[in-house]
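# Next comes the sequence, and after it the predicted model I'd like to discuss.
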Amino acid sequence: MQLPSSITQASRGSLDTLVLSNAFGRCEISLFGAHVLSYVPQSDQRERLWLSQSAIFDGISAIRGGVPVCWPWFSDNHGNRQEDLPSHGYVRKQQWTLNDCKDDDNGTAVTLVPQSVQGPGFDYAAQLKIVVHLGEQLSITLVTRNLGSEPFPLSCALHTYFAVEDIQRSELIGLKGEYLDKTRGFDTFSTPSPYRFTMETDRIHLDAAEHLTIQHPGGVTEVDSSGHNSIVVWNPWQDKATAMADMREDGYLTMLCVETAVTGDVSLAPGQTLALQQRIG
Ligand code: BG6
């Protein structure tokens with residue numbers, strides 16, 4: 001495919017990447033996982049995404065940081081008791097292909113499709129694509145369509161790791177209502193106000209907030225979401241970060257995951273399309 005001058009090919013470790021660069025900013029996408037690795041708006045030249053200094057770019061391991069694509073299930077919500085199904089589904093560990101690209105006054109867009117939508121734990125007739133658009137904001141849209149004649153269960157997420165200058169001086173603004181706390185047996189709690197971070201945080205917020213703000217000493221990041229039914233907020237804190245091979249023990253200090261997600265028992269009817277979108281500014 002002929003690439004416009006705003007898209008160039010590059011690499012990280014053994015991974016092929018696409019670099020989008022235009023008047024609005026710059027972003028880099030790994031074809032392995034259709035995984036956005038970096039986004040820097042032109043306006044302030046500040047990196048919005050956190051990427052682990054120990055991230056593994058071997059084309060086998062999931063990438064720690066950026067925007068992992070969780071599909072066709074979020075976490076271990078695959079409705080199947082087999083323990084060996086991968087966390088967050090399998091497309092984040094697949095090679096994706098560039099299917100389309102577009103460049104106009106509103107920005108640059110690429111569409112990627114995965115190697116295969118079917119895998120252990122999911123054998124439905126589905127179509128999946130991701131559209132990454134670098135314009136005034138970075139917008140990432142994960143589109144699932146049911147091509148079959150029976151409904152199928154689906155959960156998914158754009159599992160974005162945002163860069164913050166100091167997690168202990170950061171605040172997440174815009175969430176309300178209740179959340180399920182994975183660190184406390186999925187019990188239900190009320191969203192704190194102000195929402196700050198002092199310990200391991202692993203929460204499914206049942207409030208499908210459309211607009212969130214992350215305020216931290218280095219600046220402000222805006223997060224807009226649509227097509228979701230929940231927002232997941234995650235920081236592993238020190239002990240869990242230390243236990244991860246692909247995260248430095250102090251890595252947790254400069255990241256916050258705010259994930260636009262579809263969680264729970266959602267079913268996609270035949271012919272139905274779900275467009276999960278996160279826009280970052
Ligand atoms: C979050 C989950 O979305 O992802 C956490 O709520 C999980 O429980 C985290 O630990 C990271 O998952 P993984 O599979 O990328 O290590």
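Yep, it's here.
# contacts and neighbour counts: CA atoms only from here.
OK.
# quick one: strands adjacent to the helix or strand containing V132?
Per DSSP states H and E, V132 falls inside strand 126-134. Paired with strand 126-134 in the same sheet, following DSSP bridges, are strand 107-114 (antiparallel), strand 138-146 (antiparallel).
# TSV for those strands, including mean neighbour count and mean pLDDT?
What follows is the strands paired with strand 126-134, written out as TSV (neighbours: other Cα atoms under 10 Å; pLDDT from 0 to 100):
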stretch	mean neighbour count	mean pLDDT
strand 107-114	21	98
strand 138-146	21	98
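# Output the ones you listed as CSV; include the columns distance to the ligand.
Supplementary listing: those in CSV, determined by distance: least, Cα to the nearest ligand atom, whole Å:
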stretch, distance to the ligand
strand 107-114, 19
strand 138-146, 17
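# May I see the ones you listed arranged in CSV, with distance to T183 as well?
Converted to CSV, the strands paired with strand 126-134 look like this (distance: least, Cα to Cα, whole Å):
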stretch, distance to T183
strand 107-114, 32
strand 138-146, 28
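# ends of stretch 73-93, how far apart?
For stretch 73-93, the separation between the terminal residues is 14 Å (Cα to Cα, to the nearest Å).
# same check, this time on stretch 191-198
Terminal residues of stretch 191-198 are spaced 14 Å apart (Cα to Cα).
# for the record, mean pLDDT for that stretch?
The average pLDDT for stretch 191-198 rounds to 98.
# From the rest of the structure, what touches that stretch?
The list of residues contacting stretch 191-198 from outside it, by Cα atoms under 8 Å, 6 or more residues apart in numbering, reads 167-173, 175-179.
# Buried subset of the residues you listed, written for ChimeraX?
Only the buried members of the contacts of stretch 191-198 end up in this ChimeraX selection, burial being decided by 16 or more other Cα atoms under 10 Å:
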select :167,170,171,172,173,175,176,178,179
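# out of the contacts of stretch 191-198, who's nearest the ligand?
Closest approach to the ligand among the contacts of stretch 191-198 (Cα to the nearest ligand atom): Y179, at 12.0 Å.
# Can you get me a residue count around the residue lying closest to the closest one once chain neighbours are set aside?
Nearest non-adjacent residue to Y179, counting by Cα to Cα, 6 or more residues apart in numbering: H205, 4.1 Å away. The burial metric for H205, expressed as a neighbour count using other Cα atoms under 10 Å, is 26.
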